[in-house]
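Student: what would the 3D arrangement of this be:
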Amino acid sequence: MTTLSDKYVRLSRSYIQLADRYADIDLDHAKLKCQFSDLLNQLAEIQQDFASLRIQHTSLQEEYQALAELKPLLDEGNLLELEEALRAVQAFEELTTETPDPDLLEAEQAIAAYEQEISEFPTQARVSGSSRQTRSGADLLFEVPSENAA
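Tutor: The predicted structure is shown next:
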């Protein structure tokens, strides 16, 4: 009977060892499950960050393409042409302010001279007539006697 009792004792010990191993494995499984859950949460956050970075990257590429179209304008030849054009505009402005255009018709020259005289007219002037009032040069009134006035 020893053999049967030895078998029973060995079987009981094996069962206890198996239960201990199952408890250890179950504990390890719970730890790994928590760690895996944390990793999944971190992965979701990283995916969201990646999606926002992808959107930002797309917008930056569009801006770069828009700026790349303007890059040839910064070429040294273009800058020299721009400076030359600015000098030409300044020279033209100086020329037009210093001397009148010789191609103007006589009437246009007379109008220009009249406008210049008006601009030089004193701001305060006395108007002779029945109503002696002080008025500005742009506000002058001349009274004309009417035939129907009583």
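
Student: can you classify the most centrally placed residue in the chain by secondary structure?
Tutor: Centroid-nearest residue in the chain: E63, 10.5 Å away (criterion: Cα atoms, centre = their mean). Look at E63: counting by DSSP: H, G, I helix; E, B strand; the rest coil, its state is helix.

Student: list the contacts of it.
Tutor: With contacts defined as Cβ atoms under 8 Å, 6 or more residues apart in numbering, E63 has no neighbours. Quick note: C-beta positions are derived from backbone N, CA and C, even for glycine.

Student: renumber starting at 512 from here on
Tutor: Happy to do that; since the first residue is 512 now, the last one works out to E574.

Student: mind checking how far it is from K544?
Tutor: The span separating E574 from K544 equals 45 Å under the rule Cβ to Cβ, to the nearest Å.

Student: mean confidence for stretch 525-534?
Tutor: On average, the pLDDT along stretch 525-534 is 97.

Student: now it, how far from the centre of its chain.
Tutor: Using Cα atoms, centre = their mean, to the nearest Å, the distance from the centre of stretch 525-534 to the centre of the chain it belongs to is 70 Å.

Student: sounds good, over and out.
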